[in-house]
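Trainee: For reference, the sequence and a predicted model appear below.
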Amino acid sequence: MGVADSGALHHTCFVVRDVEEAAKALSESLSIGPWNVWTIEPTEATVRGEPRSFSFRIALAEVEGGAFELLAPLSGDSVYTEFLDDQGEGHHHTCFAYSTLEAMQEARSELFAQGRELVQSGSVGDAAEFSYFAIPEVGSVLELLFLAELPPPEKTIE
């Protein structure tokens with residue numbers, strides 16, 4: 001089974017320095033919104049194979065069955081801080097979401113079998129697990145995500 005066979009395109013992510021500022025700008029200029037905002041603090045995480053502790057803030061806005069994600073690193077070193085340091089703000093990754101943890105782990109195993117580089121991974125207890133793989137064919141990153149359920153947003157930006 002292929003990586004996209006059991007996953008659904010979930011979101012396209014842009015790493016930014018400030019999610020609230022970027023969300024307001026996109027709401028005003030492109031009418032994208034409303035944006036729901038959360039702070040994410042993985043309970044376990046790795047960056048380039050090393051255990052790391054980091055946190056980040058996200059804002060999600062649905063757009064006709066998909067979503068835009070804005071992501072700003074808050075603490076610790078991650079692929080997000082690397083991206084901002086190397087390239088500045090911009091498109092970082094596309095995400096496939098899976099309905100079960102097992103389906104996400106099967107897709108992860110498939111990418112490992114292809115020899116893909118795992119650049120970051122993490123979990124938030126039983127609520128979510130994510131893995132980021134380098135996809136050099138398009139010069140980007142693919143996120144595999146299992147999300148049991150999103151908690152209520154911390155805030156909403158219209």
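Mentor: Structure's in. What do you need? Numbering: from 1, shown residues only.

Trainee: Could you find the closest non-adjacent residue to F146?
Mentor: Residue nearest to F146 in three dimensions, not counting chain neighbours: M104, with 4.0 Å by Cβ to Cβ, 6 or more residues apart in numbering. Any C-beta I mention is one placed from the backbone N, CA and C, and that applies to glycine too.

Trainee: Number of residues surrounding the closest residue in space to E89 that isn't next to it in sequence?
Mentor: Leaving out its chain neighbours, the residue that sits closest to E89 by Cβ to Cβ, 6+ apart is V16, at 4.9 Å. Residues lying near V16 (other Cβ atoms under 10 Å) number 24.

Trainee: Would you mind measuring from V16 to I32?
Mentor: Distance, V16 to I32, using Cβ to Cβ, to the nearest Å: 13 Å.

Trainee: Specify the local secondary structure of R116.
Mentor: Secondary structure, DSSP: H, G, I helix; E, B strand; the rest coil: R116 is coil.

Trainee: Helices along this structure, start to end?
Mentor: 19-30, 79-87, 101-113 (DSSP state H).

Trainee: now the ones you listed as JSON lines including distance to P152 and mean pLDDT?
Mentor: Output for the helices of the chain, formatted as JSON lines (distance: least, Cβ to Cβ, whole Å; pLDDT from 0 to 100):
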{"stretch": "helix 19-30", "distance to P152": "17", "mean pLDDT": "97"}
{"stretch": "helix 79-87", "distance to P152": "24", "mean pLDDT": "97"}
{"stretch": "helix 101-113", "distance to P152": "22", "mean pLDDT": "96"}
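
Trainee: between those, which one is nearest to P136?
Mentor: When those are ranked by distance to P136, counting by Cβ to Cβ, first place goes to helix 101-113 at 12.6 Å.

Trainee: elements contacting the closest one?
Mentor: Packing contacts for helix 101-113, counted by 3 or more Cβ pairs under 8 Å, 6 or more residues apart in numbering; DSSP states H and E, involve strand 7-15, strand 90-98, strand 118-124, strand 128-135, strand 140-147.
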